[in-house]
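Trainee: coordinates for the following, if possible.
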Amino acid sequence: MTLNNSLKSYLFLLFLLLFFQAQTYSQQAFIPKDGDRIVLLGNGLIENEQHYGFLEYRLTGFWPEKQLSFRNLGWSGDTVFGEARSYYTNPPSPYDLLISQIKAAKPDWIIIGYGNVEAQDGAEGLNHFKAGLNQLLDSVASMAVKPILLSTIPQAISGSDELLAKRNEAFLLYNQAIAEIAENRSLGYVDIFKAFNTNDQMKHYENNGVHLNESGYLLLADTLLEQLKLTTQIPSFTIDASSGAIESNVATDNFTITDKSKGFSFNSTLHATSSPVAKSQSEGQKITANGLKKGTYTLSIEGKLQAVGSRKEWEEGIALVNGPSLQQSQQLLKLIREKDKIYFQQYRPQNRTYILGFRSHEQGRHKEGLAALDALIYWMDDQINQTKKPINAQYLMERLP
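Mentor: This is a model prediction of the structure:
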């Protein structure tokens with residue numbers, strides 16, 4: 001196959017897959033109940049997410065009123081057969097270990113991201129992969145757990161253009177198989193391939209062109225929520241100080257004009273921002289104020305100065321990038337990352353062969369220490385759920401003398 005034919009084949013398959021997905025979008029809505037646990041399962045794409053925590057951040061923040069918990073069971077190089085989880089003890093088999101880890105995590109929902117490793121076997125390995133994925137889904141169904149299936153992501157760099165086209169062609173074949181299985185089982189399916197298959201895709205990847213970087217995991221979280229139809233709005237406020245009117249896409253109350261159009265105050269509910277990383281001013285809450293007298297005005301939230309601007313600047317609108325919402329977001333993300341780190345230490349401890357495996361007669365006493373981490377992990381779950389709660393805050397604009 002020539003390079004041109006390979007690229008043509010790849011583009012044709014991409015067209016077919018995108019058309020197919022448009023016809024078979026998920027039938028299962030993702031609406032966790034209060035108290036539900038969501039488990040992330042898969043290969044390196046899932047494992048590395050815990051270093052950033054954006055997916056968990058976005059999902060838990062979408063339901064600030066619900067107590068939710070998350071566990072990351074990703075394992076680099078893993079397959080639907082749990083092959084990367086094998087270590088020197090038998091039984092259990094790698095697949096038995098995979099299933100036991102899922103059961104131990106006690107999920108209500110499970111987001112599954114496999115296929116990038118298996119697709120290296122090309123079309124010849126497709127039936128084997130489909131059988132393995134169906135077997136995994138049968139096991140999950142027996143636990144009364146609701147799955148959401150993810151597509152693969154494309155590879156951005158390979159040894160040659162021809163090899164890169166071949167790899168991505170295989171990913172598309174496997175994505176079609178995943179989408180078909182999701183449709184047949186009436187499960188949720190999220191295509192994340194398309195979001196990363198762009199001309200500037202390397203800005204989302206590490207230098208190896210295989211693993212995502214921080215920007216990539218932000219895009220992954222945004223894509224998943226968008227396709228699950230879990231959309232959020234960044235708060236914006238438009239105030240007319242002369243008429244005493246306020247328009248906003250979030251609830252407000254106690255709007256008061258102070259000192260003859262020299263300022264105003266109102267209350268609104270603050271949520272963690274949609275993005276915990278301030279990449280640009282356009283991502284902050286935007287406040288526009290008309291009808292002010294000529295002068296310079298300060299804006300404070302809960303008594304803390306957030307912005308200073310002239311009448312003209314407030315008429316154009318000022319974005320608050322470092323307000324309480326962002327501070328709440330950063331604290332929430334910090335807790336999520338710390339919790340994930342502790343959970344990783346518990347479920348994948350160093351020297352696990354000596355603690356849990358066939359040499360546990362040497363250091364098996366440390367197993368009790370791993371179990372004791374449960375209390376800390378549950379405590380951090382509670383801290384995360386407390387931190388994400390909305391805060392009712394007072395906004396106050398005042399004219400400088």
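
Trainee: sketch out the low-pLDDT regions of the chain for me.
Mentor: Applying pLDDT under 70 to the chain flags residues 1-28, 87-91, 259-262, 273-283, 350-370.

Trainee: name the residues of stretch 293-302 that are buried.
Mentor: Of the residues in stretch 293-302, 297, 299, 301 count as buried by neighbour count, 16 or more other CB atoms under 10 Å. Where C-beta positions appear, they are placed from N, C-alpha and C, glycine not excepted.

Trainee: what is the end-to-end distance of that stretch?
Mentor: 24 Å (CA to CA, to the nearest Å).

Trainee: just the C-alpha atoms of the helix or strand where N385 lies, please, in CSV.
Mentor: Element membership of N385, judged by DSSP states H and E, is helix 367-387. What follows is helix 367-387 as a C-alpha-only set of coordinates in CSV (Å, rounded to 0.1, in the frame of the first residue of the first chain):
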residue,chain,number,x,y,z
LYS,A,367,-1.8,-5.2,54.3
GLU,A,368,-3.5,-3.8,57.4
GLY,A,369,-1.8,-0.4,56.7
LEU,A,370,-3.3,-0.4,53.2
ALA,A,371,-6.7,-1.1,54.5
ALA,A,372,-6.3,1.7,57.1
LEU,A,373,-6.0,4.2,54.2
ASP,A,374,-9.8,3.7,53.6
ALA,A,375,-10.6,6.2,56.4
LEU,A,376,-8.3,8.9,54.9
ILE,A,377,-9.7,8.3,51.4
TYR,A,378,-13.3,8.5,52.6
TRP,A,379,-12.5,11.7,54.6
MET,A,380,-11.0,13.3,51.4
ASP,A,381,-14.2,12.3,49.5
ASP,A,382,-16.1,14.2,52.1
GLN,A,383,-13.8,17.2,51.8
ILE,A,384,-14.2,17.3,48.1
ASN,A,385,-18.0,17.2,48.3
GLN,A,386,-17.9,20.0,50.9
THR,A,387,-15.5,22.2,48.9
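
Trainee: and the contacts of that helix?
Mentor: Applying CB atoms under 8 Å, 6 or more residues apart in numbering, the contact partners of helix 367-387 are 60, 67-69, 272, 328, 331-332, 335-336, 338-339, 342-343, 345-346, 349, 355-356, 360.

Trainee: and what about the residue nearest to the spatial centre of the chain, helix, strand or coil?
Mentor: Central residue of the chain (CA atoms, centre = their mean): L55, 1.3 Å from the mean position. Following DSSP: H, G, I helix; E, B strand; the rest coil, L55 is assigned to helix.

Trainee: who touches it in this structure?
Mentor: So L55 contacts 40, 49, 217, 220-221, 224 (CB under 8 Å, 6+ apart).

Trainee: where's G61 relative to Q331, distance?
Mentor: Shown here: G61 relative to Q331, a distance of 12 Å by CB to CB, to the nearest Å.

Trainee: no further questions, thank you.
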